[in-house]
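Asks: Provided below for reference: sequence and predicted model.
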Amino acid sequence: MFMPERNKKYDVIAAMFLPVAVSMILSTLAGFLANTIDGLVTSNFLGADAFSAVSLFTPMVNVILLFTYFIAVGGQVLCSSKVGAGEKEAANSVFTFSVAVGVFFSAVFVLLGLFTPSLIFRICGVSVTERPELYTYMGEYLKGYVFGIPCLILVQVLSPFLIIDNRKKLISISAGVLCASDIGFDLINVLIFRGGVFGMGLATSLSLFLQLLVLLSHFVTKGGYFRLSFKGFHLGFLKDIIKNGGLNFMRSLATTLRELFANHMNLAVAVGTAAVAARGIQGDINRLMFCIGIGMGKAVLPMVSMYYGAADRNGMKRLFAYSMKISAYFAAAAGGILFILAPLISRIYTRDPEVVALAIFAIRCMAAGLVFDTVLVAFQSYVQGIQRLKMANFLCFAERMIIPVLVTWVLGTHFGSKGVLAATAVSKVVLVGIILIGVWIHRKGFPNHLEDYMFLPEDFGVDDGEELYAQIRTMEDASRQSKAAYDYCITHGGDKKKANLMALFVEEMAGNIIAHGKPKNGGDVNVDFRLFAKDDKICLSLRDYCEAFDPMKYYEIHENDNMEENIGIRMVMKLAEDIRYINSFNSNYTMILI
């Protein structure tokens with residue numbers, strides 16, 4: 001197998017992954033940002049009791065997102081597999097089905113909020129007899145917030161599809177609109193209308209509505225292929241969405257149960273509202289920082305699914321190494337900044353010295369565990385992408401519920417509220433240790449290599465020497481791989497005609513990208529080249545991070561033009577048995593079979 005030394009500057013995986021990860025972080029952030037802003041403004045203008053009530057409403061938001069992430073991630077993974085296979089119509093049907101399920105759950109949660117608020121408050125761990133002052137505030141907040149629930153759900157459902165459809169900037173713009181509008185509406189509420197906690201909830205609803213309008217603007221423009229279409233629409237998609245979104249459902253469920261237990265534990269050991277407020281502040285910051293891990297996981301999952309479906313072992317190695325490294329770097333930087341700024345952040349919420357002291361401790365504990373948290377979530381998404389679903393579900397429940405609950409119980413029993421606040425970091429360290437021991441046992445020795453942590457099946461992909469894998473950067477590289485393609489076809493059962501055709505395809509298609517491709521990052525052109533045997537056919541795949549170029553559409557447009565132009569593309573289009581093209585994650589992917 002030919003594998004050139006990798007040049008990080010021109011790596012296609014790095015160019016694809018990082019922008020997607022940042023966009024998914026922002027998309028996830030939008031789901032929590034409004035509630036965090038409400039808490040911040042409420043704390044400063046409406047008092048500690050009002051803030052505690054808003055912060056205790058978080059488990060209900062988690063329950064809503066529990067179902068939303070299940071739809072969004074399940075639909076995204078299923079859609080990515082359809083996109084990777086070049087099945088655009090099927091991908092569009094998955095999109096339509098996901099939106100329909102999102103609308104259904106929106107209606108369910110709105111009805112629950114309007115007609116059974118007491119059930120929601122019990123979910124959040126608040127009883128009218130034990131905490132009547134919090135119960136009243138939560139009721140007012142829910143009345144205003146309930147109208148924004150459909151917008152919250154649809155934003156989360158639509159965002160992954162817009163990422164696939166190369167609209168990352170729109171996600172960032174929508175998150176900015178949400179943040180700016182919610183701050184503005186909250187300040188108008190407390191300074192002008194004086195609408196209290198009800199006004200805070202209503203301000204959030206209006207902000208979520210504006211964010212949804214920004215995302216919906218994509219569907220009135222030309223260019224994207226995701227449109228509501230009931231052609232090919234069937235309930236069979238639900239089974240695949242449940243399978244693919246199951247881990248995220250379990251993660252959100254475990255997170256919700258953990259938060260409920262922590263709320264109950266903290267209320268049980270707290271001697272006053274200061275500990276509840278500190279826990280609320282930690283919860284706000286933790287949710288914001290957790291968006292790093294969720295965003296990384298949302299980027300890892302569809303890309304791993306794509307490479308796993310292609311049985312691309314080399315691509316999987318590169319993606320695994322890069323995603324884990326970037327996840328750790330992002331989290332370490334954010335955690336370091338958070339640790340230093342903990343006093344400032346605490347005082348933004350309140351000037352109460354008792355609350356500030358506990359909040360600083362809480363934030364720093366959370367910051368210390370952030371790297372472990374982020375890498376664990378990214379790793380779980382990787383495990384899900386390689387279809388190790390039992391392992392993924394075990395890791396999810398262990399990380400999100402079992403270990404945190406046990407650690408919270410032990411530390412809370414012995415150290416009170418400080419123990420509950422410290423459990424956030426301690427539980428992550430414990431789980432990382434358990435995973436390392438598990439890998440050691442699985443490998444029957446200390447893990448020394450990257451693949452020891454990847455848990456790939458032994459028969460995954462093709463054996464060394466059974467595929468060509470290279471990065472093409474120059475016309476000389478294209479010519480060299482063209483000759484290698486000829487030799488590969490001859491040694492893998494192809495006749496001279498098939499070998500000559502594949503050599504021509506490599507030189508023409510890769511050379512065309514090198515000569516005419518325009519990289520989005522402004523650097524040099526780089527093409528990931530892979531050649532392998534599949535089902536008695538020889539398959540060529542080319543992936544680049546240049547502006548969109550569909551060779552099939554280009555051929556259709558110029559088919560009757562000057563026959564002396566575009567000779568290479570014309571020959572490939574006429575002689576190949578099958579050609580598939582897709583532009584996703586802002587990269588071009590072309591597959592040619594002979």
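Replies: It's in. Everything quoted here is computed from the prediction, not taken from an experiment. Numbers count the residues shown, from 1 in each chain.

Asks: Would you map the helices across the stretch 251-400 of the chain?
Replies: With helices called from DSSP state H, counting those that start in this stretch, the stretch 251-400 of the chain shows them at 273-309, 313-349, 353-368, 370-385, 389-397.

Asks: Got phi/psi on Asp578?
Replies: phi -150, psi 140 (degrees, to the nearest 10).

Asks: The residue nearest to it when sequence neighbours are not counted pairs with what?
Replies: Excluding the flanking residues, the one nearest Asp578 by C-beta to C-beta, 6 or more residues apart in numbering is Leu593, at 4.4 Å. Bear in mind the C-beta positions are built from the backbone N, C-alpha and C, glycine included. Under DSSP bridges, the beta-bridge partners of Leu593 are Cys539, Asp578.

Asks: Is it correct that Leu593 is in contact with Asp536?
Replies: No. Leu593 is beyond contact range of Asp536, at 10.3 Å (criterion: C-beta atoms under 8 Å).

Asks: Between the two, point out the one with more neighbours.
Replies: The neighbour comparison of Leu593 against Asp536 (other C-beta atoms under 10 Å) goes to Leu593, with 16 against 6.

Asks: Contact partners for that one?
Replies: Neighbouring residues of Leu593 by C-beta atoms under 8 Å, 6 or more residues apart in numbering: Lys534, Lys537, Ile538, Cys539, Leu540, Ala576, Glu577, Asp578, Ile579.

Asks: Starting from Gly315, give me the distance back to the residue nearest to Asp578.
Replies: Distance, Leu593 to Gly315, using C-beta to C-beta, to the nearest Å: 18 Å.

Asks: ok, now how distant is the residue nearest in space to the middle of the chain from Ser98?
Replies: In the chain, the centroid-proximal residue (C-alpha atoms, centre = their mean) is Lys298; its distance is 1.7 Å. Separation of Lys298 from Ser98 (C-beta to C-beta): 14 Å.

Asks: got any ranges where the stretch 351-500 of the chain has weak pLDDT?
Replies: Regions of the stretch 351-500 of the chain meeting the criterion pLDDT under 70 cover residues 461-465.

Asks: Now name the helix or strand holding the closest residue to Pro150 other than its chain neighbours.
Replies: Excluding its sequence neighbours, the residue lying closest to Pro150 (C-beta to C-beta, 6+ apart) is Ser106, at 3.6 Å. If you go by DSSP states H and E, Ser106 is part of helix 88-115.

Asks: quick check: mean pLDDT across whichever helix or strand comes after that helix?
Replies: Downstream of helix 88-115, the first helix or strand assigned by DSSP H and E is helix 117-123. For helix 117-123, mean pLDDT rounds to 77.

Asks: Show me what helix 117-123 is packed against.
Replies: helix 58-84, helix 88-115, helix 132-145 (3 or more C-beta pairs under 8 Å, 6 or more residues apart in numbering; DSSP states H and E).

Asks: now the angle from the last one to helix 58-84?
Replies: Translated: helix 132-145. On the basis of axes from the mean of the first three to the mean of the last three C-alpha atoms, to 10 degrees, helix 132-145 is oriented at 40 degrees to helix 58-84.

Asks: Helix 132-145: which residues count as buried?
Replies: By 16 or more other C-beta atoms under 10 Å, the buried positions in helix 132-145 come out as Leu134, Tyr135, Tyr137, Met138, Gly139, Glu140, Tyr141, Leu142, Lys143, Gly144, Tyr145.

Asks: and the fourth one, what pLDDT?
Replies: So the one you mean is Met138. Reported pLDDT for Met138: 85.

Asks: now the first one
Replies: Leu134 is assigned a pLDDT of 74 by the prediction.

Asks: Leaving out sequence neighbours, find the closest residue to it.
Replies: Closest to Leu134 by C-beta to C-beta, 6+ apart is Ala53, at 4.5 Å.

Asks: Please verify my assumption that that neighbour contacts Tyr145.
Replies: No. Using C-beta under 8 Å, Ala53 is not in contact with Tyr145; the gap is 11.9 Å.

Asks: wait, the residue nearest to Pro150 sits on Phe147?
Replies: No. Between Ser106 and Phe147 there is no contact under C-beta under 8 Å: 10.7 Å.

Asks: Compute the distance between the residue nearest to Asp578 and Lys537, please.
Replies: Distance, Leu593 to Lys537, by C-beta to C-beta: 5 Å.

Asks: what do you get for Lys82?
Replies: Taken as C-beta to C-beta, the span from Lys82 to Lys537 is 21 Å.

Asks: Compare those two (neighbour count), which wins?
Replies: Lys82 (20 against 13).

Asks: Need the per-residue pLDDT for the residue nearest to that one when sequence neighbours are not counted.
Replies: Nearest in space to Lys82, with sequence neighbours left out and distances taken as C-beta to C-beta, 6+ apart, is Ala91 at 4.0 Å. Ala91 carries a pLDDT value of 79.

Asks: still on that earlier bit, dump the helices of the stretch 251-400 of the chain into CSV; add distance to Phe57 as well.
Replies: CSV is the format used below for the helices of the stretch 251-400 of the chain (distance: least, C-beta to C-beta, whole Å):
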stretch, distance to Phe57
helix 273-309, 10
helix 313-349, 16
helix 353-368, 19
helix 370-385, 23
helix 389-397, 24
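
Asks: Can you say which of those helices is nearest to Leu431?
Replies: helix 370-385 (6.5 Å; C-beta to C-beta).

Asks: now the angle between helix 389-397 and the closest one, please.
Replies: 160 degrees.

Asks: Buried residues of helix 370-385, list them for me.
Replies: Buried residues in helix 370-385 (16+ other C-beta under 10 Å): 370-385.

Asks: Could you work out the most separated pair of these?
Replies: That would be Leu370 and Gly385, which, of the buried residues of helix 370-385, are the farthest apart (C-beta to C-beta) at 22.8 Å.

Asks: Ile13 against Arg318, yeah?
Replies: Yes. Taking contacts as C-beta under 8 Å, Ile13 lies within contact range of Arg318: 5.1 Å.

Asks: Please give the number of neighbouring residues around Met509.
Replies: Residues near Met509, counting by other C-beta under 10 Å, number 23.

Asks: Also Ala310?
Replies: Neighbour number of Ala310 under other C-beta under 10 Å is 21.

Asks: Kindly report the same for the one 10 residues further on.
Replies: Residues within reach of Phe320, counting by other C-beta under 10 Å, total 24.

Asks: Roughly how far does the nearest residue to it once chain neighbours are set aside sit from Pro447?
Replies: Leaving aside its sequence neighbours, Phe320 sits nearest to Met454 (C-beta to C-beta, 6+ apart; 5.7 Å). Distance from Met454 to Pro447, counting by C-beta to C-beta: 10 Å.

Asks: and what of Ala392?
Replies: In terms of C-beta to C-beta, Ala392 sits 19 Å off from Pro447.

Asks: who has more neighbours, those two?
Replies: Legend: neighbour count by other C-beta under 10 Å for Ala392 and Pro447, higher for Ala392 (23 against 13).

Asks: roughly how far apart are the more buried one and Leu376?
Replies: On the measure of C-beta to C-beta, Ala392 and Leu376 end up 11 Å apart.

Asks: what do you get for Lys497?
Replies: With C-beta to C-beta as the criterion, Lys497 and Leu376 are 52 Å apart.
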